[in-house]
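A.B. asks: Next comes the sequence, and after it the predicted model I'd like to discuss.
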Protein chains: 2
Amino acid sequence: MSLSEFELIQQFFANSGTPRADVRLGVGDDCAILAVPTGKELVVSIDTLVEGVHFFKGTDPALLGHKALAVNLSDLAAMGAKPAWVTLALTLPSVDKDWLTAFCRGFSQLATAHGVQLIGGDTTKGPLNISIQAHGFVEAGAALRRDGAQLGDLIYVTGTLGDAGLALQGAGSMDIPVVAQSRLDCPTPRLTEGQALVGLANAAIDISDGLLSDLGHICDASGVGATLYIDDLPCSQPVRDYIKKNDDWSLPLSAGDDYELCITVPPEKQVEVRQLAMSFECGLTQIGRIEAASGIRCLLANGRQLQPCFSGYEHFSTES
Amino acid sequence: MSLSEFELIQQFFANSGTPRADVRLGVGDDCAILAVPTGKELVVSIDTLVEGVHFFKGTDPALLGHKALAVNLSDLAAMGAKPAWVTLALTLPSVDKDWLTAFCRGFSQLATAHGVQLIGGDTTKGPLNISIQAHGFVEAGAALRRDGAQLGDLIYVTGTLGDAGLALQGAGSMDIPVVAQSRLDCPTPRLTEGQALVGLANAAIDISDGLLSDLGHICDASGVGATLYIDDLPCSQPVRDYIKKNDDWSLPLSAGDDYELCITVPPEKQVEVRQLAMSFECGLTQIGRIEAASGIRCLLANGRQLQPCFSGYEHFSTES
C-alpha cells in the first residue's frame, strides 16, 4: 500500500467530529482559520501519549483514540470550558489502515459527542506518539483555575477514585474488574460538570496524576494547604475491597488516570453545589477542606493521621 | 538528578518568548487562557519533528529548538498571519539539562524575535519527538489560502530554492557549503513577507516538501495547473553549480526544507508586488504562471520541457 502523508490525513481524519460554523477553514491548508465568539476567551490544552509510557503496546486503537482525546477534553473540563476544536499530531511506525480506522473511530465518536471538530494535524513516521491539542471557550474572566482556592473552601471530587489505578496495578491479570479496566481505557471527561461549576467553584483541576499530587497543585498555586477525610473518599466496591484487604489507601490517593475533577467551593455556595450535584450522573462528594497550613493532611475517621502521604506519578521523577 | 515533569516544564520553558497582554494565563494550569482581538481570526498550525526522520540523532539542540519553532511559524507566514502563541509537546528519552537548556535557547530566541509567547506544553518520556502548535492572527477573511489561485496568476517564490536540499544530500560530507547547511539547520520563517502579501496574493503556501509538491497543493486546491520557467528559479551559486554539473534540477524543484513562500498574484497586482518585493531582504522572484490545464509543466529557456517532474518528499510514500 502506498499512501502519502497528505492522503493519509485527508482520508482518515478530514471529517472527524462535528462540522462547526466557527471553523472558517479546517484540515488541508498550512493552518486552520477559526473564529472565537465575541466575549469568550480561548482555552488551550496539550497532552501527549507515548507507547510504553502512557499505554501498553498492542492497546486497542479505538480505545486509544478515545483516551487520547478524552485526557485533553478533561483539561478543558477542569477550566469549566466548552470544547470546540482539536488538532492531532500522530507519529506512527508504519501505515496500518486497520489501526488507523479503529483509532479514528474512537477519536471521532468522542469528538462528535461533544461537538468538537478536528481542524488540523500532522502525520509523521516514527515511534508511536499521539499529541493532541484541544481548544475551548469560556466566558471572559470566568475560567476555573488552580490558583483560586480560599481558606475554608470545601473540597469535592466527581465520580470515584482509584478505579484506573486498580486496573493498572493488575495489568495482565485476569482478575481486573471490568468496570475498573473500562475506567482506565475509556475515561469520561467531566465536561458537563466542569461547565456547571463555573461561578460556583473557586478552583478546579482534573485528577490525572493522583488526588494528592493534583490537589497539591491547587494548594501550591493558591498558597494554601488541605485536610482530607480519607474515609469519605468516593470509591467503587472493588477499590474498597482492595483498601480493606491491604490496609492501603494509595489507589484513591495517588493513582492517576481517573480524570475526575477536584474542586474547591466556598462554604456559602455549598447548598447550591449540593443541589447542582444531584444532576451529576457521576456524583460529587465532599472529601476535605482548604486550610492555611501548607501540605495535605490525610485524616482517618478514627482521628489517626495517615502516613506517609503518597505522591502522584511524575515522569522522570525516579531518575537519578 | 531528580526533576519532575512539572518542574521541568516550569524551569526551562515557563518564561519562553515574549510576555503578551492577550495571555490571561500561561503555562502552569490545565489550560492556558487567551484573548483573541476583536475583528481577527485565529490561525492554527501543528508540526512534528521526529529524530531520525526530520533530523539526525545528535543534531545541535539549539538549532533544533529554532527549527522546530521556525517550521510552524513558516505555516503562519504562508497564511499571512502574525504569530502570537505557541505550545510545545516534547517527548524526551531522558532529562538532559544541557540539551534542554540549549534547545530552549534556540526556541526562545526565535519566539522573542517574533513577539511569541509559550503558553503551554507537555513533557513526556519516550523517543525524541517535538510537536509544536503555533497560533496567530489575521484580519477576518483576509488569510492567504491554498485554494485562491486564479487563471493567469503569476507565480512567485521568496528567497532561493534548493539550499537545504543540497545540505541534506551531502549529509556527513565536509564539502557542504556553510550557507546551505545553515539554511537546512536554521530556516527563516518569511513572516514579514507573508503579512505584507495579504491583499495582494491570491494564494500562498510554504515550501516544506519541495516546490513541485507544494505548488501542486495550490493547484489541486484551486482546480488549476501551472507552467514553471525553470531557468528563472532563484538559486544560490552552490545550487547553480550543482545543477550545471549534474544537469539535474531536482534540488530547486523537489527538495524540501527551504521554507520559502510560493505565492500566486493576479497580473493587475504585479506592479504593486514588485514594488513591495524591493523591501524583501530575501527577494521575490517570478517563476511561472497559473494555467487551466492541470499538472505542472517545467519549461527550460530553450523551449524543452523537463521530464520527469520529480515529486516532493512524502512520508510513507515509499512503502509498499
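C.D. replies: Cool, the structure landed. Residues are numbered from 1 along each chain as shown, chains lettered A, B, ... in the order given.
A.B. asks: quick one: buried residues of stretch A:57-67?
C.D. replies: For stretch A:57-67, a neighbour-count test (16 or more other CB atoms under 10 Å in any protein chain shown) marks A:60-67 as buried. No exception for glycine: its C-beta is placed from N, CA and C like everyone else's.
A.B. asks: Now pLDDT too, for the residues you listed, in CSV please.
C.D. replies: Formatted as CSV, those follow (pLDDT from 0 to 100):
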residue, pLDDT
A:Asp60, 94
A:Pro61, 95
A:Ala62, 95
A:Leu63, 95
A:Leu64, 96
A:Gly65, 96
A:His66, 96
A:Lys67, 96
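A.B. asks: Now stretch A:74-85 - C-alpha only, CSV.
C.D. replies: The C-alpha trace of stretch A:74-85 is given here as CSV (Å, rounded to 0.1, in the frame of the first residue of the first chain):
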residue,chain,number,x,y,z
SER,A,74,-10.6,16.6,30.7
ASP,A,75,-8.2,19.5,30.9
LEU,A,76,-10.9,21.7,29.3
ALA,A,77,-13.4,20.3,31.8
ALA,A,78,-11.1,21.4,34.6
MET,A,79,-11.3,25.0,33.4
GLY,A,80,-15.1,24.9,33.0
ALA,A,81,-14.7,25.3,29.3
LYS,A,82,-16.9,24.2,26.4
PRO,A,83,-14.8,22.3,23.8
ALA,A,84,-14.6,23.4,20.2
TRP,A,85,-11.6,22.3,18.1
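A.B. asks: Quick one: residues contacting the closest residue to A:Gly126 other than its chain neighbours.
C.D. replies: Nearest residue to A:Gly126, sequence neighbours excluded (CB to CB, 6 or more residues apart in numbering or on different chains): B:Val50, at 3.6 Å. If you count contacts by CB atoms under 8 Å, 6 or more residues apart in numbering or on different chains, B:Val50 has them with A:91, A:124-127, A:129, B:127-130.
A.B. asks: Check A:Asn202 too.
C.D. replies: A:Asn202 touches A:148-150, A:153, A:263-266, counting by CB under 8 Å, 6+ apart.
A.B. asks: Roughly how far does A:Phe13 sit from chain B?
C.D. replies: 12 Å (CB to the nearest CB, to the nearest Å).
A.B. asks: circling back to that earlier point, just give me the closest of the contacts of A:Asn202 to A:Asp185.
C.D. replies: A:Ile263 (25.2 Å; CB to CB).
A.B. asks: Surely the closest one is in contact with A:Ala203?
C.D. replies: Yes: A:Ile263 is within contact range of A:Ala203, at 6.7 Å (criterion: CB atoms under 8 Å).
A.B. asks: Give the residues shared as contacts by these two.
C.D. replies: Counting by CB under 8 Å, 6+ apart, the residues touching both A:Ile263 and A:Ala203 are A:Leu144.
A.B. asks: Strands along the stretch 201-320 of chain A, start to end?
C.D. replies: If DSSP state E, counting those that start in this stretch is used as the criterion, the strands of the stretch 201-320 of chain A fall at A:203-206, A:225-229, A:261-265, A:284-291, A:296-299.
A.B. asks: circling back: quick one: which of the contacts of A:Asn202 is nearest to chain B?
C.D. replies: A:Gly148 (10.2 Å; CB to the nearest CB).
A.B. asks: From the contacts of A:Asn202, list the buried ones, please.
C.D. replies: Counted by 16+ other CB under 10 Å, the contacts of A:Asn202 give A:148-149, A:153, A:263-266 as buried.
A.B. asks: how about the buried residues of stretch A:57-67 in JSON lines, adding secondary structure and distance to B:Asp185?
C.D. replies: Shown next, in JSON lines, are those (DSSP: H, G, I helix; E, B strand; the rest coil; distance: CB to CB, whole Å):
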{"residue": "A:Asp60", "secondary structure": "coil", "distance to B:Asp185": "40"}
{"residue": "A:Pro61", "secondary structure": "helix", "distance to B:Asp185": "36"}
{"residue": "A:Ala62", "secondary structure": "helix", "distance to B:Asp185": "40"}
{"residue": "A:Leu63", "secondary structure": "helix", "distance to B:Asp185": "40"}
{"residue": "A:Leu64", "secondary structure": "helix", "distance to B:Asp185": "35"}
{"residue": "A:Gly65", "secondary structure": "helix", "distance to B:Asp185": "35"}
{"residue": "A:His66", "secondary structure": "helix", "distance to B:Asp185": "39"}
{"residue": "A:Lys67", "secondary structure": "helix", "distance to B:Asp185": "36"}
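A.B. asks: how about the helices in chain A?
C.D. replies: Ranges of helices within chain A are A:5-13, A:61-79, A:97-113, A:163-169, A:178-185, A:191-196, A:211-222, A:237-246, A:250-254, A:270-277, based on DSSP state H.
A.B. asks: With B:Phe55 as the reference, name the closest of those.
C.D. replies: Closest among the helices of chain A, once you apply CB to CB, is helix A:5-13, at 17.0 Å.
A.B. asks: how about the residues of the stretch 101-250 of chain A near chain B?
C.D. replies: The stretch 101-250 of chain A comes close to chain B at residues A:119-127, A:129, A:131, A:133, A:135-136, A:138, A:140-141, A:143, A:145-147, A:204-206, A:217, A:221, as judged by CB under 8 Å from any CB of the partner chain.
A.B. asks: Mind splitting chain A into its structural domains?
C.D. replies: When chain A is parsed with automatic domain parsing, its domains come out as A:5-139, A:146-299.
A.B. asks: Could you check how far the first one is from the centre of its chain?
C.D. replies: The chain centroid and the centroid of domain A:5-139 are separated by 15 Å, computed with CA atoms, centre = their mean, to the nearest Å.
A.B. asks: Stretch A:295-312 now?
C.D. replies: 24 Å.
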